[in-house]
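1. Need the 3D shape of this:
(chains A and B)
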2 protein chains.
Amino acid sequence: MQIAIVVFDRFTALDAVGPYEILSRAPGAQVVVVAHRRGPVRTETGMLGLTADKALAEMPSPDVVVVAGGPGQSALMTDGPLLDWLRAADATSTWTTSVCSGSLLLAAAGLLRGRRATSHWLALDGLTRYGAEPTGERVVFDGKYVTAAGVSSGIDMSLALLGRLAGDDVAQAVQLGVEYDPQPPYDAGAPDKAPAHLVDALRARSRFILT
Amino acid sequence: MQIAIVVFDRFTALDAVGPYEILSRAPGAQVVVVAHRRGPVRTETGMLGLTADKALAEMPSPDVVVVAGGPGQSALMTDGPLLDWLRAADATSTWTTSVCSGSLLLAAAGLLRGRRATSHWLALDGLTRYGAEPTGERVVFDGKYVTAAGVSSGIDMSLALLGRLAGDDVAQAVQLGVEYDPQPPYDAGAPDKAPAHLVDALRARSRFILT
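-> Presented below is the predicted three-dimensional model:
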């Protein structure tokens, strides 16, 4: 089972590494980080580099596609090699998935038309532009399309996906292996839970992400 | 504020990238992935490479030290350059922290003697060997030493640490930014919650990690 995790310059690290950590523990899974070209790809802060081990063109038909999000995607939302690759890979994939605003890339490729989908809470409205139906859920399955909410939700998405791929026992063993028994010190992880002034501050700061 | 995330060959990706994702969002934080030498460092599966941007020797006195864990650490538990570096860095650090079995490296360096600490549930007993007092908690603060349980717990640890470093407002804004509102599809993330046969299977398989 080939799993392609798609990244690009100025991606968000945890969008990619959450799913890597879960899915790489599936028996027989080959997880490969892919980007436009091989080599180091930096996150949006510039402070972390991940190695793309294959160019997109070298992995045309993975079984599972996982697209990360991040500020760098704004340069990729109009037709170009990444959207072309997503459409081609989707033609033969078993599962086509995204984390965070990565769902906007799937949507811009035309893959989420008429489908229920989610995204980072700040990017959710953008889905309607491409004919998708945004939901406020953390993980959304619609046919073979699986989308996750912001950044950390890729962990939840991947565990749910792993259950479908390999069964509940494997998924639970992986959850136990990564000791995913979350105990956040605050309860501010969603806009309906966080203090209003922080929600407003993030909204004010976020415009650049989507335009 | 300089934050060093310490990795090594065959580390666990999420141990390092969870804290990166949280701490890199702190105002004024400079997060640097460090290893024995600069360049790509591979995870225990070999399927992911992270770039070490500095060698340990190039970053002798970070304000915050975060040590990842992973199977590769078994080669590093006896005296050598990494333990030497940890002792030296700890002499001037504001916070010395670990994720997963990374706490065994801090302990092996002699930094957790007589201190309460935690680790991956499979590695917890190993702490006593070095005079630390293991607890079953997910995140343990003891003075300037902060240890986290397995893999994913680095996210909880980093948020709690960020609260101390930058205040509750900043930590909550970061939690909201990474939409950390966990909703695991199973409740199997700790040995007292997972099905017993899975706990036994992981225990049987894990011996290699610690010897």
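
2. contacting residues around A:L82?
-> A:L82 is in contact with A:6, A:8, A:36, A:56, A:76, A:105, counting by Cβ atoms under 8 Å, 6 or more residues apart in numbering or on different chains. Using the backbone N, CA and C atoms, a C-beta is placed for each residue, glycine as well.

3. before we move on, what about A:L111?
-> A:L111 touches A:86-87, A:90, A:96, A:145, counting by Cβ under 8 Å, 6+ apart.

4. Same question for it, what's its three-state structure.
-> coil (DSSP: H, G, I helix; E, B strand; the rest coil).

5. and A:G163, how many neighbours?
-> Here the number of neighbours of A:G163 (other Cβ atoms under 10 Å in any protein chain shown) works out to 18.

6. Please give the element, helix or strand, for the residue lying closest to it once chain neighbours are set aside.
-> The shortest distance from A:G163 to any non-neighbouring residue, by Cβ to Cβ, 6 or more residues apart in numbering or on different chains, is to A:A171 (4.0 Å). Counting by DSSP states H and E, the element that carries A:A171 is helix A:168-177.

7. With A:A160 instead?
-> helix A:153-166.

8. thinking again about what came up before, where helices are concerned, which of the contacts of A:L82 count?
-> When the contacts of A:L82 are checked against helices (DSSP state H), the matches are A:L105.

9. Top of the contacts of A:L82 by number of neighbours, please.
-> Going by other Cβ under 10 Å, A:V6 tops the contacts of A:L82 with 27 neighbours.

10. Show the contacting residues for that one.
-> A:34-35, A:56, A:65-68, A:82, A:85-86, A:102.

11. Would you map the helices across chain A?
-> Going by DSSP H, chain A shows helices at A:13-23, A:81-90, A:102-108, A:153-166, A:168-177, A:196-205, A:207-210.

12. I'd guessed A:T118 sits against A:Y145; true?
-> No: counting by Cβ atoms under 8 Å, A:T118 sits too far from A:Y145 to count as a contact (10.7 Å).

13. quick one on the thing from earlier: what does the helix holding A:A160 contact?
-> Here helix A:153-166 has contacts from A:1, A:14-16, A:18-19, A:21-23, A:26-27, A:64, A:66, A:68, A:95, A:97, A:99-100, A:138-139, A:141, A:146-148, A:170-171, A:174-175, A:180, B:152, B:179, B:181-186, using Cβ under 8 Å, 6+ apart.

14. the inter-axis angle of it versus helix A:13-23?
-> Inter-element angle recorded for helix A:153-166 and helix A:13-23: 30 degrees (by axes from the mean of the first three to the mean of the last three Cα atoms, to 10 degrees).

15. one step back: please identify the one among the contacts of A:L82 that lies nearest to chain B.
-> Nearest to chain B among those, counting by Cβ to the nearest Cβ, is A:V6 at 13.8 Å.

16. Do you know the pLDDT at the residue positioned nearest the centre of chain A?
-> Centroid check for chain A by Cα atoms, centre = their mean gives A:V99 as the closest residue, at 1.9 Å. Looking at A:V99, its pLDDT is 98.

17. if I look at it, how far off is chain B?
-> As judged by Cβ to the nearest Cβ, to the nearest Å, A:V99 and chain B stand 10 Å apart.

18. Next, the contact list for A:H36, please.
-> The contact partners of A:H36, taken as Cβ under 8 Å, 6+ apart, are A:8, A:55-56, A:81-82.

19. what residue ranges in chain A are flagged as low confidence?
-> Along chain A, the parts satisfying pLDDT under 70 run over A:207-211.

20. redo that, cut-off 50
-> Within chain A, the stretches with pLDDT under 50 are A:208, A:211.

21. Just give me the neighbour total for A:D90.
-> 18.

22. who touches it in this structure?
-> Going by Cβ under 8 Å, 6+ apart, A:D90 touches A:65, A:96, A:109, A:111.

23. which of the helices of chain A sits most buried?
-> Comparing the helices of chain A by mean neighbour count (mean count of other Cβ atoms under 10 Å in any protein chain shown), helix A:13-23 ranks first with a mean of 29.
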